[in-house]
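# predicted coordinates and the sequence they were generated for:
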Amino acid sequence: MTTLYASKWVLPVSAPPITNGAVAVHNGVITAVGPEPEVREKLAQEGPFQTVNLGEAALCPGFVNVHAHLELTVMRGLLDDLSFHAWIRKLTQLRAERLRPVDLQVSARWGVVEALRSGVTTIGDTGDSGAAMDAMVTGGLRGTVFQEVFGIEMLKAKRSLTDLKRKVNAMRRQENSLVKVGISPHAPYTVSKLLYQLVTEYSEEEKLPVCIHAAESLAEEDFMRQGMGPIGEALRKRDIKWDAPGVSTIRYLSDLNVLRVKPLLIHCVRATEEDIGLLALWGARVAHCPKSNAKFGHGIAPALQMRKRGVTVGLGTDSVASNNVCDLIDEARFTGLLHRASQGDDRLLPASELLEWMTLGGARALGLENRIGTIDVGKEADLTAVSLAGAHNQPVHDPAVAILASSSARDVVLTMVRGRVVFDGQTVQTFDENRLRNQLQDAAARLI
Ligand SMILES: [Zn+2]
């Protein structure tokens, strides 16, 4: 049956906000959008339908988080205030030594619970264990699970590729129409030149989307340009030979012909003007994770300049082991304030534009813009409703401003993925949250 969702405001993103609006959903697809009386009249002519009244809320396209690490959810708040290199070492060690596969699965599932409660309907996840695949499929999320591959030693490249293929084949058995597998050759300091080439060929053969952590830090840049700094030091200690290419990470990936598969490049904090030109030329996409970058003191990615030059940029929270929350409203608000503060321009990134970054921008970054990202007839019904009834939101003069300037993920009252309500404002429909909370706490206890 068709359902009509009535809401004080509907924000289609592709069109101006509608006051007292409604969206009709049938078989997971949006069949009408407009002022409530018009939508109601249209549906009445077609047959029976049911109504859900969301009240004083803003109904938006589902939020798209283009970069997360769901399996690391159990480490939220555990590794705060460590330097980036101490953080990554500690995290890798804890993941390998303390967490059993079942713990990572619980961790990823709890990450999905948080996402659904936060109005996130699509995630670009990056992980090593494959746990996110089960969590996203079971939780009813949409997205891509990028399987990581590592290997800086040239001689081990073929073995790493074989390993990757085995993992991808196993994950592909769990794919459905919402969740797809991708691959992630982690970063230029953990993946050799040869492995990048092999993985890129493999991605083309199997039509697998690719994401790469790129140009994240000054340490990475020192390593790429001179082979120096803490990363070079760490490799020398392990007796691993590294010939620094002497160029930026993005230039390196371009020279290696890796950008031909239009990867999603995560961070790009150190991107230069020339780099941005290369991103635009190749059609590479970017995951902007400003809170994670700020937390590690890495700086601010030139995301606005990228957008201006036609590069597709989506917003990512990164893992909650660095950012602490999967809250795309908070991430977007931070994005706006950060770019205004650093560029001294109070007209940058108005609320309506930030809402586009959170929805259609993210959909584009993951190649899903034909299916989701706006509330338009014919698109799949991924919808999020944010209550604007709270004391901190009233009165509402502009619903986009109310979302971006005075709301948070805690105000989300409905999350729907392709017509299926996965969070109804009270409980997540796809998991037993209480049981999962206990399991998460048990897993967390293993880390101390
Ligand atoms: Zn990351």
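Alright, I've got the coordinates. Numbering: from 1, shown residues only.

# now do the contacts for the nearest residue to residue 84 once chain neighbours are set aside.
The spatial neighbour of residue 84 that comes closest, neighbours along the chain excluded (CB to CB, 6 or more residues apart in numbering), is residue 296 at 4.6 Å. In short, each C-beta sits where N, CA and C put it, glycine included. Residues near residue 296 by CB atoms under 8 Å, 6 or more residues apart in numbering: 84, 87, 217, 322.

# and residue 296, backbone torsions?
phi -90, psi 0 (degrees, to the nearest 10).

# what of residue 138?
Torsion angles, degrees, to the nearest 10, at residue 138: phi -70, psi -40.

# next, the spatially closest residue to it that is not a sequence neighbour: phi, psi?
Leaving out its chain neighbours, the residue that sits closest to residue 138 by CB to CB, 6+ apart is residue 430, at 6.3 Å. Torsion angles at residue 430 (phi, psi; degrees, to the nearest 10) stand at phi -100, psi -10.

# let's number from 709 now, not from 1
New numbering, starting at 709: the last item is residue 1138.

# and residue 1138, how far from residue 865?
Counting by CB to CB, to the nearest Å, the separation of residue 1138 from residue 865 is 39 Å.

# counting neighbours, what do you get for residue 913?
Here the number of neighbours of residue 913 (other CB atoms under 10 Å) works out to 8.

# an error on my part: the question was meant for residue 951.
Counted with other CB under 10 Å, the neighbours of residue 951 add up to 7.

# now do it against residue 862, distance only.
Residue 951 is 10 Å from residue 862, by CB to CB.

# and for residue 976?
For residue 976, the distance to residue 862 - CB to CB - is 26 Å.

# equivalent analysis for residue 1101, please.
56 Å.

# those two: who's more crowded?
residue 1101 (20 against 14).

# for the more buried one, what is the enclosing helix or strand?
Here residue 1101 is covered by no helix or strand, with elements defined by DSSP states H and E.

# dump the residue contacts of it.
By CB under 8 Å, 6+ apart, the residues touching residue 1101 are 1095, 1110, 1114-1115, 1119.

# cool, and residue 1050?
Here residue 1050 is in contact with residue 1008 (CB under 8 Å, 6+ apart).

# and the gap between it and residue 1056?
Counting by CB to CB, the gap from residue 1050 to residue 1056 is 10 Å.

# any weak-confidence spans in the chain?
Across the chain, nothing is flagged by pLDDT under 70.

# for the residue positioned nearest the centre of the chain, helix, strand, or coil?
In the chain, the residue lying closest to the centroid (CA atoms, centre = their mean) is residue 774, at 2.2 Å. Here residue 774 is recorded as strand under DSSP: H, G, I helix; E, B strand; the rest coil.

# okay, and the closest residue to residue 1003 other than its chain neighbours sits in which element?
For residue 1003, ignoring the flanking residues on the chain, the nearest one in space by CB to CB, 6+ apart is residue 1030 at 5.8 Å. For residue 1030, there is no host helix or strand (DSSP H and E).

# count the neighbours of residue 1030 for me.
For residue 1030, the count of nearby residues is 24 (other CB under 10 Å).

# ok, it to residue 892 distance?
16 Å.

# cool, and residue 998?
Separation of residue 998 from residue 892 (CB to CB): 20 Å.

# residue 823 too?
On the measure of CB to CB, residue 823 and residue 892 end up 19 Å apart.

# looking at those two now, which is surrounded by more residues?
Counted by other CB under 10 Å, residue 823 and residue 892 do not tie: residue 823 has more neighbours, with 33 against 29.

# tell me the SS of the more buried one?
helix.

# you'd agree it is up against residue 849?
Yes: Residue 823 is within contact range of residue 849, at 6.4 Å (criterion: CB atoms under 8 Å).

# quick check: can you list the domain ranges of the chain?
710-769+1080-1138, 771-1073 (automatic domain parsing).

# that older thread, pick out the most distant pair among the contacts of residue 1004.
The span of the contacts of residue 1004, defined through CB to CB, is set by 925 and 1030 at 12.4 Å.

# what residues of stretch 810-821 count as buried?
Neighbour-count burial for stretch 810-821 flags 811-821 (criterion: 16 or more other CB atoms under 10 Å).

# out of these, which are inside helices?
Among the buried residues of stretch 810-821, the members falling in helices (DSSP state H) are 811-821.

# among those, which one lies nearest to residue 804?
Closest to residue 804, out of all of those and judged by CB to CB, is residue 812, at 10.7 Å.

# give the contact list for the closest one.
779, 782, 803, 837, 839.

# in TSV: the residues you listed, plus neighbour count, secondary structure and distance to residue 980.
Output for these, formatted as TSV (neighbours: other CB atoms under 10 Å; DSSP: H, G, I helix; E, B strand; the rest coil; distance: CB to CB, whole Å):
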residue	neighbour count	secondary structure	distance to residue 980
779	29	helix	33
782	28	helix	37
803	21	helix	33
837	21	coil	35
839	26	helix	36
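
# residue 716 belongs to a strand?
Yes: membership of residue 716 in a strand is supported by three-state DSSP.

# now do the contacts for the closest residue to it other than its chain neighbours.
Using CB to CB, 6+ apart and skipping residues adjacent in sequence, the residue nearest residue 716 is residue 764, 5.0 Å away. Residues near residue 764 by CB under 8 Å, 6+ apart: 716, 1095-1097, 1104.

# ok so, going back, tell me which two in the contacts of residue 812 are the farthest apart.
It's 782 and 837 that sit farthest apart of these, by CB to CB, at 11.7 Å.

# contacts only, for residue 905.
964-966 are the contacts of residue 905 under CB under 8 Å, 6+ apart.

# which among those gets closest to residue 732?
Of the contacts of residue 905, the one sitting nearest to residue 732 (CB to CB) turns out to be residue 966, at 43.6 Å.

# isn't the residue nearest to residue 1003 right next to residue 1002, touching?
No: using CB under 8 Å as the test, residue 1030 is too far from residue 1002 to be in contact (10.1 Å).

# that older thread, please spell out the PyMOL selection for the buried subset of the contacts of residue 1004.
Entered in PyMOL, the line below selects the buried ones among the contacts of residue 1004, by 16+ other CB under 10 Å:
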select buried, resi 792+795+925+1030
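
# those helices in the stretch 809-958 of the chain, which residues are they?
Shown for the stretch 809-958 of the chain, the helices assigned by DSSP state H, counting those that start in this stretch span residues 809-825, 839-847, 865-880, 901-914, 926-934, 937-945, 957-963.

# the first one to helix 839-847, inter-axis angle?
Spelled out, it's helix 809-825. Angle, helix 809-825 to helix 839-847, by axes from the mean of the first three to the mean of the last three CA atoms, to 10 degrees: 50 degrees.

# by contact count, what packs against the helix or strand where residue 768 lies?
Counting by DSSP H and E, the element that carries residue 768 is strand 765-769. The contact analysis (3 or more CB pairs under 8 Å, 6 or more residues apart in numbering; DSSP states H and E) places strand 765-769 against strand 710-718, strand 1091-1095, helix 1107-1114, strand 1120-1125.

# I'm done for today, thanks for sticking with me.
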